[in-house]
Structure formats: structure tokens, C-alpha cells
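**Q** 3D, please:
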Amino acid sequence: MLRRLGEGVHVRLPTELPELRVGNGSCDVDVLIDHPSIAPLHATIERLDEVLRVRDAGTGSSFEFDPRNERFAPRADIVVNVGEPFALGHVRLMPLDERLANLVPVLERALGDRSYVRVDAALTAIVNARPLCLELPASSTPDLLSAIHAASPRREYPFTLVTQLPGSPETIDAVCTAGACGMIVIDLRGGGQPTGDLLYSLGSRHYQLWPCFLFAPGAGDPRSVAELNAHWL
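**A** Numbers count the residues shown, from 1 in each chain. This next block holds a predicted model:
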């Protein structure tokens, strides 16, 4: 499906058609996007293995997202992966596979009603394995993080929950090596502070980990974790 970013609305893509015509509904199309900036026949979408190929139908208002400057630029032929935004007219869209689509209601329950923009940002962070921070009471279990891991591109790698902070170089290396390129969750709800060596290792290309952190509610934003450019859920 396609998620209309900033709106919390999803557009289903018919599974039986290899190529889909997208438009505003004033002519015969396969995918309806009801918006004034969408032309009667705006674009076609073709499935190519795990990606979508979006081709403008001559309107000149299809846009590729450039993550380097976080801007949309006009382009007539776009190849889009799951979780990568693009735009048709003024409608920003993100393709979701079944796992990410099933994660959306889980995020909505955690982030609250009408939290469209926050859910959009969370999906972007998850797809790009950006460090995550989550506030949870000490008595609760991190079911949300398990669901995030199961829907993420790192789902084939381990999910590791660290409740005792490693301090020595040897223990840090052992924990990070065991993480094996997967999602590693550092539980800081007991008040501990990660060392600089641990934070460096979590962000190191040597281990290729996806670090996430658990905080007690109201714990604030420790500078050491903020420097990892973490996304707060």
C-alpha cells in the first residue's frame, strides 16, 4: 500500500495488476488519489521485484525525494523502495510492505490518536535504522520494540536487550559482537549512563548495529544519546 504522509491515510495497490494507473478518479484508473493536485491520469506504477517504478504520465508533477538535502525534485521516472517517500502533485507518499503496514496501528496506539506526523517520522527512522529512544515504565515489557524489529529491514538479524551496561572494552565488544548487525536495545531505566566507549561502539561501522534505548518516563534527553541523532518515539 501507499501511505499518504501527514494524513494517516492509506491507498491500497491492487495485487493482481503488474502495472497500475494512478489518477484522481475522473477517468478510469486502478489507484485513486483524491486530491486537487492529482491529474485524471497522473502516473503509472509498475512492480519490479521488491521496488516500484513510478512514471509520470505527462503531468510533469511527479517528484523524487533526495535524502541528502531532504527535498523533493521533479522527475518523470522514479524507482522507489519500501519506506522511501515520493510525491505526486502535492501528495507525499511512502510505499509500505505488509510488515510495515501491520506496524502502523501498533505505532498509533503507542503515539496516540491523530499522530500522523509522528508515525511518519517513526516509519522513516525504522526503515533507515536510525537510533530510537522510547520511554517505558520499568514494569512494562518492550513489546513495541519487538514489533518494530519484526517489521524492520533488520528483522533477519538478532534482537538483543541489554539490561546491564557493559563497561570494559572486552564486555562492550562481546555485547556488540553478539548483536550481529541487529537491533540492540540498551535499557537505561535503572538510571545508568552509557560510557563514551559504548556509544562509540554502538554507532561504529565495525559492528553495524541498530541501537535503541529505553528510558523511564520523564527522564529527558541525555546529551550523550542525543549526539547519536536518535529519534524519540
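
**Q** care to break this structure down by domain?
**A** Here the domain parsing of the chain from automatic domain parsing is 2-96, 99-232.

**Q** tell me the mean pLDDT for the first one?
**A** Just to be clear, that refers to domain 2-96. Averaged over domain 2-96, pLDDT sits at 93.

**Q** Now do the end-to-end distance for it.
**A** 6 Å (C-alpha to C-alpha, to the nearest Å).

**Q** In space, what's closest to residue 100 - neighbours in sequence excluded?
**A** Of all residues not flanking residue 100 in the chain, residue 151 sits nearest, at 5.4 Å (C-beta to C-beta, 6 or more residues apart in numbering). Heads up, the C-betas are built off the backbone N, CA and C, glycines and all.

**Q** scratch that, residue 228
**A** Closest residue to residue 228 apart from its sequence neighbours, by C-beta to C-beta, 6+ apart: residue 131 at 4.7 Å.

**Q** pLDDT wise, what is that neighbour at?
**A** Residue 131 carries a pLDDT score of 93 in this model.

**Q** okay, now residue 83: neighbour count?
**A** 19 (other C-beta atoms under 10 Å).

**Q** need the contact list for it.
**A** For residue 83, the residues meeting the contact criterion (C-beta atoms under 8 Å, 6 or more residues apart in numbering) are 94-96, 100, 123-124, 126-128.

**Q** Please indicate which of those are buried?
**A** 94-96, 100, 123-124, 126-127 (16 or more other C-beta atoms under 10 Å).

**Q** so how far is the longest helix along the chain from its chain's centroid?
**A** Ranked by number of residues, the top helix in the chain under DSSP state H is helix 98-111. Taking the mean of its C-alpha atoms, helix 98-111 sits 11 Å from the chain's own mean (C-alpha atoms, centre = their mean, to the nearest Å).

**Q** Show me which positions of it end up buried.
**A** For helix 98-111, by 16+ other C-beta under 10 Å, it's 100, 103-104, 106-108, 110-111.

**Q** same question for the helix or strand that that helix is followed by, mean pLDDT?
**A** As assigned by DSSP states H and E, the chain's next helix or strand after helix 98-111 is helix 116-127. Taken as a whole, helix 116-127 has a mean pLDDT of 93.

**Q** so which of the buried residues of helix 98-111 comes closest to residue 205?
**A** For the buried residues of helix 98-111, the residue nearest residue 205 by C-beta to C-beta is residue 100; the value is 25.4 Å.

**Q** any idea how far residue 187 is from the closest one?
**A** The gap separating residue 100 from residue 187 is 25 Å, by C-beta to C-beta, to the nearest Å.

**Q** What of residue 214?
**A** 5 Å.

**Q** out of those two, which sits in the busier spot?
**A** The neighbour count for residue 214 versus residue 187, taken as other C-beta under 10 Å, is higher for residue 214 (23 against 19).

**Q** hang on, the earlier thing: please produce TSV containing the contacts of residue 83, extended by distance to residue 174.
**A** Putting the contacts of residue 83 into TSV (distance: C-beta to C-beta, whole Å) gives the following:
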residue	distance to residue 174
94	38
95	38
96	36
100	32
123	32
124	32
126	27
127	29
128	27
